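Engineer: Based on what follows, work out the 3D shape:
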Amino acid sequence: MLEVFILAVALSMDAFAVSIGLGAKKYPSIPFLGIKVAVLFGFFQGLMPLVGYFAGVGAGEFIASFDHWIAFVLLGGIGAKMMMESRQEDTTEEICTLSHKILFTLAIATSIDAMAAGFTLNLFDLSVGVSVLLIGVVTSVFSYAGVRVGQKSGVWLESRAEFFGGLVLVLIGLKILLEHLFFEA
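Structural biologist: Below is the predicted model of the structure:
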């Protein structure tokens, strides 16, 4: 369960970073914005790994002998991408009006990486349902907190959160690979 919780925290860093940027915008009714962001981001962050999991199940027996390599490449690639994106310009700077359509788009955009991570859910010792629920809840909490942190501190934490999440994903991918190469009987 600890591994899935760490994965959930790492996957939620994209949503957390975007939420900080949204909170820094000083919208009226920040608590309501925090709740909307938490619900949307948490829902999609929990849904996308489930989609990825079911896609992976279809190819389950075929990829069983090298699934650890797939996990390493996917999680390492997602993590490296997040780390590189943390060094780029903030996309929330360009958002002037916060409509439902924009929130919906941001929720999907921040959860696309979680779909690829869903391919690895069968490698953890926790049911898929509990895993995606945990990912969704953790993302909701981080998203709400991100809006509140952004309201208080501005955007200076935004890129650091995304970089940290990417680093954790790379480390989880490396751990899965090393466990399967050196410690599996």
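
Engineer: rest of the way, CA atoms for contacts and neighbours
Structural biologist: Fine.

Engineer: Name the next helix or strand following the helix or strand bottoming out on mean pLDDT in the chain along the chain.
Structural biologist: When the helices and strands of the chain are scored by mean pLDDT, DSSP states H and E, helix 60-63 comes last with a mean of 65. Scanning forward in sequence from helix 60-63 by DSSP states H and E, the next helix or strand is helix 67-85.

Engineer: so after that following helix, what's the next helix or strand?
Structural biologist: Heading C-terminal from helix 67-85 (DSSP H and E), you reach helix 100-118.

Engineer: can you give me the mean pLDDT across that following helix?
Structural biologist: For helix 100-118, mean pLDDT is 81.

Engineer: buried sites along whichever helix or strand comes after that helix?
Structural biologist: Using DSSP H and E, the helix or strand that directly follows helix 100-118 along the chain is helix 128-153. By neighbour count on 16 or more other CA atoms under 10 Å, the buried set for helix 128-153 is 128, 131-151.

Engineer: just how off-centre is the very next helix or strand once past helix 128-153 within its chain?
Structural biologist: Sequence order places helix 158-182 as the next helix or strand after helix 128-153, per DSSP H and E. Centre-to-centre, helix 158-182 and its host chain are 12 Å apart (CA atoms, centre = their mean, to the nearest Å).

Engineer: list the helices and strands helix 158-182 packs on?
Structural biologist: On a contact count with 3 or more CA pairs under 8 Å, 6 or more residues apart in numbering; DSSP states H and E, helix 158-182 meets helix 2-23, helix 67-85.

Engineer: which stretch among those helices comes nearest residue 36?
Structural biologist: helix 2-23 (10.7 Å; CA to CA).

Engineer: Report the inter-axis angle for the helix or strand that that closest one is followed by versus helix 67-85.
Structural biologist: Toward the C-terminus, helix 2-23 is succeeded by helix 30-58 as the next helix or strand (DSSP H and E). With axes from the mean of the first three to the mean of the last three CA atoms, to 10 degrees applied, the angle from helix 30-58 to helix 67-85 works out at 150 degrees.

Engineer: buried sites along helix 30-58?
Structural biologist: 30, 33-54, 56.

Engineer: is it true that residue 122 touches residue 128?
Structural biologist: Yes: when contacts are counted by CA atoms under 8 Å, residue 122 is listed as touching residue 128 (7.3 Å).

Engineer: I am finished for the moment; much appreciated.
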